[in-house]
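> Have a look; sequence and predicted model below, questions after that.
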Amino acid sequence: QKEVEQNSGPLSVPEGAIASLNCTYSDRGSQSFFWYRQYSGKSPELIMFIYSNGDKEDGRFTAQLNKASQYVSLLIRDSQPSDSATYLCAVSRGNTPLVFGKGTRLSVIA
Amino acid sequence: GAGVSQSPSNKVTEKGKDVELRCDPISGHTALYWYRQSLGQGLEFLIYFQGNSAPDKSGLPSDRFSAERTGGSVSTLTIQRTQQEDSAVYLCASSLVPSQVETQYFGPGTRLLVL
């Protein structure tokens, strides 16, 4: 059973702070890792993907991957109220459908 | 439009009825995925089509669920004899090349409510 685990939250952070979202996965064969953002009532949108161990930065977002620990995280710097959403972690073996976690609800307090 | 479209956007049906949900992928995208999202849950993979290959049906929850993709483009997900537990948002996604899952784009979803 391939599983992706996330803390459901809500994770509340003040505006301007760093939000840290975590995800663990069970399938050691996973090769691709994704973070999607989903606003209430909307469909998911891809914000980051990472394939290699280490950090990947894109603007205010940093994805971190540790394959040995089967752990992937997303850091959001200078959090804004508009970042309030549910963040879905997803993994894939590559060329296979994504396996999603249940998501972490983030609330950025102005 | 340039994105993935789905219809209907909302569907209310009675238990036991059949429903059909439609997905129009982005033109030229060879891979098409169906997912289901129940209230407060993550996305659950249902089925995916990759070019002319046989579809991967491993995520379909029961034999009441089926899907087809005609002409490598439009896809229809059919749920027969709907049950209340089928109530969810059904999301379709497409990607240009199956291996490039980072290019997977989601449609707006169909919200299904089974009474």
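Sure, I can see it. Everything numeric here is computed off the predicted structure, so don't read it as measured data.
> who's in contact with B:Leu60?
B:46-47, B:66-67 (C-beta atoms under 8 Å, 6 or more residues apart in numbering or on different chains). C-betas here are computed from N, CA, C, even on glycine.
> Spell out which parts of chain A neighbour chain B.
A:4, A:6, A:32, A:34, A:42-46, A:49, A:88, A:90, A:92, A:94-95, A:97-103 (C-beta under 8 Å from any C-beta of the partner chain).
> how does it look with 7 Å?
Counting by C-beta under 7 Å from any C-beta of the partner chain, chain A comes close to chain B at A:32, A:34, A:43-44, A:46, A:49, A:88, A:92, A:94-95, A:97-98, A:100-103.
> Any stretches of chain B with poor pLDDT?
B:1, B:98-102 (pLDDT under 70).
> Identify the bridge partners of the residue nearest the centre of chain B.
Against the mean C-alpha coordinate of chain B, by C-alpha atoms, centre = their mean, the closest residue is B:Trp34 at 3.2 Å. Applying DSSP bridges to B:Trp34 gives these bridge partners: B:Ile47, B:Cys92.
> show me what contacts it?
If you count contacts by C-beta atoms under 7 Å, 6 or more residues apart in numbering or on different chains, B:Trp34 has them with B:46-47, B:67, B:77, B:90, B:92.
> Of those residues, which is the most crowded?
B:Cys92 (27 neighbours; other C-beta atoms under 10 Å in any protein chain shown).
> Quick check, it in contact with B:Cys23.
Yes. Applying C-beta atoms under 7 Å, one finds B:Cys92 in contact with B:Cys23, separated by 3.5 Å.
> any common contacting residues for those two?
B:4, B:6, B:32, B:75, B:107.
> Report the two of those separated the most.
The largest separation in the shared contacts of B:Cys92 and B:Cys23, counting by C-beta to C-beta, is between B:Gln6 and B:Leu32 at 11.4 Å.
> what touches both of the two?
Joint contacts of B:Gln6 and B:Leu32 (C-beta under 7 Å, 6+ apart) are B:23, B:92.
> Which one of the two is surrounded by more residues?
Per other C-beta under 10 Å, whichever of B:Gln6 and B:Leu32 has more neighbours is B:Leu32, with 28 against 23.
> what sits against that one?
Contacts of B:Leu32 by C-beta under 7 Å, 6+ apart are B:23, B:25, B:48-49, B:69, B:75, B:92, B:94.
> quick one: which of the residues you listed is nearest chain A?
Chain A has its nearest neighbour among these in B:Tyr48, at 5.2 Å by C-beta to the nearest C-beta.
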